[in-house]
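S.K.: Coordinates for the following, if possible.
(6 chains)
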4 protein chains.
Amino acid sequence: MRKEEVAMESQPAGAGPVDHRTLPRRRGETLYAAIFEATLAELADVGYARLTMERVAARARTSKASLYKRWPGRADLVLAALRHRRGAPSPTPDTGGLRGDVLALLRDGAAQLNGLMGEVIRGLMAEGLRESTPIATVRTSMFDSRNRRMSEVLDRAVKRGEIPAHAVTPQHIALAPALVDHHFLFYGAPIPDHVLTEIVDAVLLPLLTRPA
Amino acid sequence: MRKEEVAMESQPAGAGPVDHRTLPRRRGETLYAAIFEATLAELADVGYARLTMERVAARARTSKASLYKRWPGRADLVLAALRHRRGAPSPTPDTGGLRGDVLALLRDGAAQLNGLMGEVIRGLMAEGLRESTPIATVRTSMFDSRNRRMSEVLDRAVKRGEIPAHAVTPQHIALAPALVDHHFLFYGAPIPDHVLTEIVDAVLLPLLTRPA
Amino acid sequence: MRKEEVAMESQPAGAGPVDHRTLPRRRGETLYAAIFEATLAELADVGYARLTMERVAARARTSKASLYKRWPGRADLVLAALRHRRGAPSPTPDTGGLRGDVLALLRDGAAQLNGLMGEVIRGLMAEGLRESTPIATVRTSMFDSRNRRMSEVLDRAVKRGEIPAHAVTPQHIALAPALVDHHFLFYGAPIPDHVLTEIVDAVLLPLLTRPA
Amino acid sequence: MRKEEVAMESQPAGAGPVDHRTLPRRRGETLYAAIFEATLAELADVGYARLTMERVAARARTSKASLYKRWPGRADLVLAALRHRRGAPSPTPDTGGLRGDVLALLRDGAAQLNGLMGEVIRGLMAEGLRESTPIATVRTSMFDSRNRRMSEVLDRAVKRGEIPAHAVTPQHIALAPALVDHHFLFYGAPIPDHVLTEIVDAVLLPLLTRPA
DNA sequence: CTCTAAACGAGACGGTACGTCCAGTCTTCGG
DNA sequence: CCGAAGACTGGACGTACCGTCTCGTTTAGAG
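M.R.: Numbering: from 1, shown residues only, chains lettered A, B, ... in the order given. All right, here's what the predicted structure looks like:
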């Protein structure tokens, strides 16, 4: 690649990748969509660890400044992109039995971890954890959502008489998803299904169904 | 005391670039020690995420080439430094009762996570997880060690008749430390002690002591 | 005087890394000027052979990236700096006689070789000579310029009747400067004046004035 | 490539590419020959500019220390290698006529410049030119040799009456080879034959044969 | 024929510079 | 005047050599 031979003279030429003086300039939602698309594509291509603002900007045919104007850093951008992509939340499963319900929930969670969300969660672990960081945000929303659904499943099981009411404690609600997270973080994706069934059969159900 | 070791101490820390043509040059163990010391110091000062080979080299008064000759990257260097620092492993606790033993084990693990090891584990999460990466290495050695100690504790409890023999399964052995890891990764250090007692009292002990 | 220029001067030379977030950032011509100045200063201080992009960047208080963005390598940067420095070309001498004119031309050329240009020419010799390399560029412009002036001088001598018209051939035009170059390259700077007079009196004039 | 996993322990292993403890170790002339061969090979492969002591040592299967023990630097090593390779000097040509003799001499010189010698000369230009540097050495020996031969050729021409005795001056003796050098340095190898004939016919012969 | 001193090979070591990539900040200029 | 584009500074990356040095081994030559 030849650089500018007469560098100083070539200034007005400016053959950048996109000449925004002729093309219509994107603003608002159009630009957001392009950025999110680029972010998710990069995420899928190279993963969170090697995703850079530079490459996202280039891929979205925009500038780094436009990214930094909207999000303070990589983590926030990526989370925004994921949030944007996310459609309606899966409904709480209702298979008629506790085991089926819990397994369905875990499989749903595992599916997320196996995808882009897992990639991001893993990456976020490395980025500090001080007050109100992106990881704290994602943690809260993730935990809230799955705890709510798990509560619902357990409450139904209580109503059906499968488990005693006193078995539904915060620790028990959070237990199984935490073990799935742990497996993902230390053994990576994809999470084999037998890991999920073992969590349910060897840990969660025995704990919930034991007598007082 | 060999002459290289004398040389190391005689460097007044802020003495500009050392003239290695006159001073004895450090080799072998002396050099390793200097590098490890610098690595751990950087780790403590700026954390894993902002630790760079450049700064470690400067701090150890050596060159990047000398680092790359020994370790292919940041993760391997840091793990080697940690391994080097680690003295004798803590003995398996024996408090006379299952609850005390398990709590002692978890507190020991939590103390590690609250220190440099936790800093590194968090950082390693982001660096891929393919075959035989640093994280895989650290995972194996960490899990092996604590599973062995937990097995020992549980076996003693079986012998004392506190829990039935069939309660000692791989899932149960790994359960409590995994929950500690999970809390550390998502809520950060330091891990409050009540988290550990809740894991023991609300999850592990009920599971181990329930009838068949 | 523009504000960037004020800023440049106001840096007390040893003030550590500039905080470019507060100071006005240099662009365009101001930056080019700073880079060229630094390049020429390095050239004068350590010579072409030991001039490095690293030191030029540091001296110009800019970054290597800013240099590589403009020039592909050391040679191009240095030539650009020389080109930038070069003011108006010296006028073709007119002393009233052929010998005086030619000597003036050679002295002008020798003065250039004795300065930075000579330093660079010598350095460029080593950097390959394939198609359209920096040395080819500088060769062309240098030869063009001096051949033009020498032609003018000889043409005037023909008009004055000092030499026959058929004596003005490309070989004769290029001859004397080539011998000056040769002396410079093999014997170094400064070129003694008697070398120039000998070239004129023992080679060039006899050749031009001989009968057909 | 995997680095040493347990770096500190692996020290005694040292399975280098060649185990010189079994192979016979070279000394004296054998070693010199191997070094020269490697030097010339590198010179031919990558040229003087990219020839490094490191690569020469590796190619000769010796160590850098063995090189530096013999020559202070790259230039000296290369010149020694060239000197070693040079067989008997070509005899002074005797074609029976001045023009043929001079052309033969120039062609001989051009052939050298077109080969490794030219590569080296070009490279040496960049390496300073202070007192008694390699370039000064090579200049002296090169110039001495060709001036001697040129003198012989011209003397014979005087004896044959082709040129007057007073035409044989130091300036005229050195003239033609200098122009060949100049062409080589600025236009590179190979030197077209017509350049040589033009030097002879348009410059040297007219100068030598003109009346007083 | 020993024994010692030198030469040798291998590579470690502290440095410097390479050319590239990216983070964030700041300026320019089109709409 | 706003905001998109991208120029700019700083700094780390991982690599290649430099020239010096240490470490054992091998070999020549002195006794």
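S.K.: C-alpha only now, for contacts and for neighbours.
M.R.: Fine.
S.K.: I'd say A:Arg59 and A:Ala38 touch.
M.R.: Yes: contact criterion Cα atoms under 8 Å: A:Arg59 and A:Ala38 qualify, at 5.6 Å.
S.K.: more neighbours, the two?
M.R.: More crowded of A:Arg59 and A:Ala38, by other Cα atoms under 10 Å in any protein chain shown: A:Ala38, with 20 against 17.
S.K.: Could you name the specific helix or strand carrying the more buried one?
M.R.: Following DSSP states H and E, one finds A:Ala38 within helix A:28-46.
S.K.: Is that helix in proximity to chain B?
M.R.: No: under the criterion of Cα under 8 Å from any Cα of the partner chain, helix A:28-46 makes no contact with chain B; the nearest approach is 10.7 Å.
S.K.: and A:Leu51, backbone torsions?
M.R.: Per-residue torsions, A:Leu51: phi -80, psi 130 (degrees, to the nearest 10).
S.K.: what do you get for A:Ile191?
M.R.: Main-chain dihedrals, A:Ile191, degrees, to the nearest 10: phi -80, psi 120.
S.K.: Can you report how many residues lie near A:Leu106?
M.R.: Residues lying near A:Leu106 (other Cα under 10 Å) number 24.
S.K.: nope, A:Gly188 is what I meant
M.R.: For A:Gly188, the neighbour count with other Cα under 10 Å is 20.
S.K.: Distance of it relative to chain B?
M.R.: Separation of A:Gly188 from chain B (Cα to the nearest Cα, to the nearest Å) stands at 6 Å.
S.K.: try A:Ser90
M.R.: When A:Ser90 is compared with chain B (using Cα to the nearest Cα), they lie 23 Å apart.
S.K.: and what of A:Asp94?
M.R.: Separation of A:Asp94 from chain B (Cα to the nearest Cα): 26 Å.
S.K.: confidence score at that residue?
M.R.: Predicted confidence (pLDDT) for A:Asp94: 94.
S.K.: circling back to that earlier point, what's the mean pLDDT across the helix holding A:Ala38?
M.R.: On average, the pLDDT along helix A:28-46 is 91.
S.K.: counting contacts, what elements does the following helix or strand past that helix pack onto?
M.R.: Once the chain leaves helix A:28-46, the next helix or strand it forms, by DSSP H and E, is helix A:53-59. Applying 3 or more Cα pairs under 8 Å, 6 or more residues apart in numbering or on different chains; DSSP states H and E, one finds that helix A:53-59 contacts helix A:28-46, helix A:64-70.
S.K.: Now the residue nearest the centre of chain A: closest residue in space, sequence neighbours ignored.
M.R.: The centroid of chain A falls nearest to A:Met117 when counting by Cα atoms, centre = their mean (2.7 Å). Closest residue to A:Met117 apart from its sequence neighbours, by Cα to Cα, 6 or more residues apart in numbering or on different chains: A:Leu82 at 7.4 Å.
S.K.: and that neighbour, how many neighbours?
M.R.: Per other Cα under 10 Å, the neighbour tally for A:Leu82 reads 18.
S.K.: Need the pLDDT of it.
M.R.: The model's pLDDT for A:Leu82 equals 92.
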